[in-house]
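S.K.: compute the structure for the input listed below.
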Amino acid sequence: QVQLVESGGGLVQAGGSLRLSCASSGRTVSNYAMGWFRQVPGKEREFVSSISWSGSSTSYADSVRGRFTASRDNAKNTLYLQMNSLKPEDTAHYYCAVSTQYARTTSAEKFYDYWGQGIQVTVSS
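M.R.: A predicted model of the protein is given here:
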């Protein structure tokens with residue numbers, strides 16, 4: 001089993017920055033891809049970013065590419081999402097997840113096995 005806990009969310013003005021963290025415990029996740037997803041009430045959860053087991057490969061949704069950066073510290077069992085130039089449309093509940101089926105990046109939600117409870121990010125205009 002893997003437990004994931006997100007932190008670092010909150011309220012920020014448009015153009016500002018936030019850094020999300022996702023701490024894992026239980027089974028080691030250093031061999032697996034991890035990802036960030038987000039969801040707005042009434043809409044389906046959408047892919048934000050994925051990072052390979054080593055952190056050497058990342059992928060992003062078109063809507064966040066160039067503004068968001070995913071990274072991981074396997075020694076600390078922690079995944080990060082640096083979010084810059086935030087826009088009101090980035091407002092959502094953000095989730096981190098682990099894919100025990102992939103070591104490289106994947107944007108497909110169905111391949112992620114463990115999920116955190118999520119954390120709210122609100123960007124005011």
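S.K.: and stretch 87-102, how far out from the chain middle?
M.R.: Here stretch 87-102 shows a centroid-to-chain-centroid distance of 4 Å under the convention CA atoms, centre = their mean, to the nearest Å.
S.K.: residues of it that come out buried?
M.R.: 90, 91, 92, 93, 94, 95, 96, 97, 98, 99, 102 (16 or more other CB atoms under 10 Å). Quick note: C-beta positions are derived from backbone N, CA and C, even for glycine.
S.K.: in stretch 34-46, what's buried?
M.R.: For stretch 34-46, by 16+ other CB under 10 Å, it's 34, 35, 36, 37, 38, 45.
S.K.: in strands only, show me these.
M.R.: Judged by DSSP state E, strands contain the following of those: 34, 35, 36, 37, 38.
S.K.: distance check, the third one against residue 73.
M.R.: Think residue 36. The spacing between residue 36 and residue 73, counted by CB to CB, to the nearest Å, is 15 Å.
S.K.: and if you look at the first one?
M.R.: If you measure residue 34 against residue 73 using CB to CB, the figure is 11 Å.
S.K.: same deal with the fourth one?
M.R.: Distance of residue 37 to residue 73, computed by CB to CB: 20 Å.
S.K.: for residue 25, same thing?
M.R.: For residue 25, the distance to residue 73 - CB to CB - is 14 Å.
S.K.: please apply the same query to residue 46.
M.R.: To residue 73, residue 46 is 25 Å away according to CB to CB.
S.K.: neighbours of the closest residue to residue 103 other than its chain neighbours, just the number please.
M.R.: Spatial nearest neighbour of residue 103, excluding adjacent residues (CB to CB, 6 or more residues apart in numbering): residue 53 at 4.5 Å. Residue 53 has 19 neighbouring residues, counting by other CB atoms under 10 Å.
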